[in-house]
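Asks: coords below, sequence missing:
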């Protein structure tokens, strides 16, 4: 090729490299933004609490725990030790379903939590699931 053709070919290749570089840069920027958003704003923790609605395990915990509350009464209104023990046992079963490695002391921890509730303390379904996941140091 003559000098003019070589110059045109070099300019064409340079333009291709520039387009390819710009495309790679856009792709990397999108990946970086997705990673930052997932790390900073993902469904794992919201203001120190686990976002139960954004994860199937969280939603399932709420579903199962709501059934316990429907059958045995509101957790924060239970007065007798027998019902508290039944709630704690059932919550331990929920932990076996929604946590990969449930801790053996969870039933006792629930029982203690229920026993220490004062009148007027709120401890509902979502609170019980938050307690479950925080006790197991499990992030969704």
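Replies: Nice, thanks for sending it over. Every value quoted in this text rests on a predicted model; they were computed, and no experiment measured them.
Asks: Please identify the buried residues of the host helix or strand of residue 17?
Replies: Using DSSP states H and E, the element containing residue 17 is helix 3-41. Residues of helix 3-41 classed as buried by neighbour count (16 or more other CB atoms under 10 Å): none. Just so you know, the C-beta spots here come from the backbone N, C-alpha and C atoms, and that holds for glycine as well.
Asks: I'd like to know the average pLDDT value across that helix.
Replies: Averaged over helix 3-41, pLDDT sits at 81.
Asks: And the strands in the protein?
Replies: 45-46, 49-50 (DSSP state E).
Asks: Worst mean pLDDT among the ones you listed?
Replies: strand 45-46 - the lowest mean pLDDT of the strands of the chain, at a mean of 42.
Asks: if I pick the closest residue to residue 91 other than its chain neighbours, what's in contact with it?
Replies: In space, and not counting its chain neighbours, residue 91 is closest to residue 110: 4.7 Å by CB to CB, 6 or more residues apart in numbering. Neighbour list for residue 110: 87-88, 91-92, 128, 131 [criterion: CB atoms under 8 Å, 6 or more residues apart in numbering].
Asks: same thing with residue 96?
Replies: By CB under 8 Å, 6+ apart, the residues touching residue 96 are residue 102.
Asks: Could you tell me how many residues sit around residue 132?
Replies: Close neighbours of residue 132, defined as other CB atoms under 10 Å, add up to 25.
Asks: do the same with residue 117
Replies: Residues near residue 117, counting by other CB under 10 Å: 15.
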